[in-house]
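Peer 1: Sequence and predicted structure are below.
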Amino acid sequence: MRTCNHIFSTIAGFESFLSENEIDRNASMLVRVHTGIHSAEEMKLLLPKLEALLPHAVFIGCSSETVIFEGRC
């Protein structure tokens with residue numbers, strides 16, 4: 001199992017992180033999203049962008065205004 005941590009402020013920055021670390025975007029993985037500054041509405045806009053980058057990932061959220069569970073906010 002491989003664990004990576006990354007702080008990003010843009011989707012482009014996250015894409016660069018994925019490429020630089022040779023992360024297989026089509027692999028099954030668990031992505032834990034930590035945020036204390038995004039509203040529920042912002043998270044609903046962000047999640048589809050992350051899902052497009054990592055189509056086989058399962059996303060969970062914590063430390064946020066909204067909870068991500070089973071791929072939904």
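Peer 2: Alright, I've got the coordinates.

Peer 1: Pull out the buried residues from the helix or strand containing Leu50.
Peer 2: Taking DSSP states H and E as the definition, one finds Leu50 inside helix 40-53. Judged by neighbour count (16 or more other Cβ atoms under 10 Å), helix 40-53 contains these buried residues: Met43, Leu46, Leu47, Leu50. Just so you know, the C-beta spots here come from the backbone N, C-alpha and C atoms, and that holds for glycine as well.

Peer 1: And for stretch 3-14?
Peer 2: For stretch 3-14, using 16+ other Cβ under 10 Å, the buried residues are Phe14.

Peer 1: Which residues does that stretch contact?
Peer 2: Applying Cβ atoms under 8 Å, 6 or more residues apart in numbering, the external contacts of stretch 3-14 come out as Phe17, Asn21, Ile23, Lys49, Leu50, Leu53.

Peer 1: Could I get the residues you listed in CSV, plus columns for distance to Thr3 and pLDDT?
Peer 2: CSV is the format used below for the contacts of stretch 3-14 (distance: Cβ to Cβ, whole Å; pLDDT from 0 to 100):
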residue, distance to Thr3, pLDDT
Phe17, 14, 93
Asn21, 11, 93
Ile23, 12, 94
Lys49, 22, 93
Leu50, 17, 92
Leu53, 18, 96
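
Peer 1: closest to His34 among those residues?
Peer 2: Leu50 (13.0 Å; Cβ to Cβ).

Peer 1: just checking, that closest one touches Phe59?
Peer 2: Yes - the pair Leu50 and Phe59 qualifies as a contact (Cβ atoms under 8 Å) at a distance of 6.3 Å.

Peer 1: Can you work out which residues contact both of the two?
Peer 2: Val31, Val33.

Peer 1: any idea how far Leu30 is from Gly61?
Peer 2: Look at Gly61 and Leu30: by Cβ to Cβ, to the nearest Å, they are 12 Å apart.

Peer 1: buried sites along the helix or strand of the chain with the lowest mean pLDDT?
Peer 2: When the helices and strands of the chain are compared on mean pLDDT, DSSP states H and E, strand 57-62 comes out lowest with a mean of 83. Across strand 57-62, burial judged by 16+ other Cβ under 10 Å covers Ala57, Phe59, Gly61.
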